[in-house]
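# Sequence first, predicted model second:
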Amino acid sequence: MHNSRLSAGTSRPAGRRLFQAFLMLFAVVAGALTFSGTAQAHGSVVGPPSRAYHCWEEWGSDHMNPAMAQEDPMCWQAYQANPNTMWNWMSMLQDGLGGQFEARIPNGKLCSNNHPNFESLNKPGPWKTTPVGDNFTIHLYDQASHGADYFKVYVSKQGFDPKTEALGWDDLDFITQTGRFAPAKDITFPVQTSGYSGHHIVFTIWQASHLDQAYLMCSDVDFG
């Protein structure tokens, strides 16, 4: 039926929509090719979900749905800025930081790991939150099973507002640093906090074991 309509002549608005859809698909494919093959086989914090992972989990199979603009405006703006923010949720890494995170990652760029493809993740706004208690679990999905030299976990200070402020280093309370983890696809560990309420950012640094690769990720949570 679709082909018969085309053969009969496609209206200008319909043809424009088809052309725009083709351009979007081309942009996604072309953008994905800018990442190396290994860059797509890494990982992210999936619980509580990082901003990029949340957008992929909620909208990856429904990314053309205009309802995203109203229901999840921060994912919508991220997808409009760069579709790879969603498609390459596991590739937000920086090489060779040498553990000098505060010196190498500027304020306001923490949620993107200072990566230009993920710049939209730094934008303040009504990011969807995951309910957590004072004690919760970090869950990393590591597709390539790199393991970890360590994780560092921070929580945004009480009074910091993720809806209006971009995250900086001075906005964080250091919570914990783990030891090493052997290579595995799923890594979990407990986090203990107290004194937080409302919308906060859980900021996680994953120092992978196979190379000097660091992943810096923001997860939006709601402390009940």
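Sure, I can see it.
# Hmm, Ser120 and Gln77 touching each other?
Yes. Contact criterion CB atoms under 8 Å: Gln77 and Ser120 qualify, at 5.9 Å. Where C-beta positions appear, they are placed from N, C-alpha and C, glycine not excepted.
# What are the boundaries of the strands in this protein?
Listed in chain order, the strands of the chain (DSSP state E) span 43-47, 93-95, 130-132, 135-142, 148-156, 172-177, 186-192, 198-208, 213-223.
# Can you tell me, leaving aside adjacent residues, what's nearest to the residue nearest in space to the middle of the chain?
Central residue of the chain (CA atoms, centre = their mean): Ala52, 2.3 Å from the mean position. Using CB to CB, 6 or more residues apart in numbering and skipping the chain neighbours, the partner closest in space to Ala52 is Trp89 (3.9 Å).
# And the pLDDT at the one you found?
With respect to pLDDT, Trp89 scores 90.
# before we move on, what about Ser209?
90.
# Ala214 too?
Reported pLDDT for Ala214: 95.
# again with Gly224
At Gly224, pLDDT is 85.
# residue contacts, it?
Listed by CB atoms under 8 Å, 6 or more residues apart in numbering, the contact set of Gly224 reads Pro131, Val132, Gly133, Ser197.
# The second one: neighbour count?
The burial metric for Val132, expressed as a neighbour count using other CB atoms under 10 Å, is 21.
# Please apply the same query to the third one.
For Gly133, the count of nearby residues is 10 (other CB under 10 Å).
# if I read this right, it contacts Asp222, doesn't it?
No. The pair Gly133 and Asp222 fails to qualify as a contact (CB under 8 Å) at a distance of 10.3 Å.
# which residues are common contacts for the two?
By CB under 8 Å, 6+ apart, no residue touches both Gly133 and Asp222.
# Hmm, Tyr196 is touching Gly159, no?
No. Using CB under 8 Å, Tyr196 makes no contact with Gly159, being 10.4 Å away.
# of these two, who's got more company?
Comparing Tyr196 with Gly159 by neighbour count (other CB under 10 Å), the higher total belongs to Tyr196, at 20 against 8.
# mind checking how far the residue nearest to that one when sequence neighbours are not counted is from Ala144?
Nearest non-adjacent residue to Tyr196, counting by CB to CB, 6+ apart: Phe223, 4.3 Å away. For Phe223, the distance to Ala144 equals 32 Å [CB to CB, to the nearest Å].
# can you check Cys218 too?
Taken as CB to CB, the span from Cys218 to Ala144 is 22 Å.
# number of nearby residues for Leu216?
25.
# gap between it and Thr176?
Taking CB to CB, one finds Leu216 at 16 Å from Thr176.
# Same check on Pro73?
32 Å.
# Equivalent analysis for Ala78, please.
Counting by CB to CB, the separation of Ala78 from Thr176 is 28 Å.
# Neighbour count: the two, which is higher?
Ala78 (26 against 15).
# Now do the same contact list for the residue nearest to the centre of the chain.
Ser44, Ala78, Thr85, Met86, Asn88, Trp89, Met92, Phe118, Leu121, Met217.
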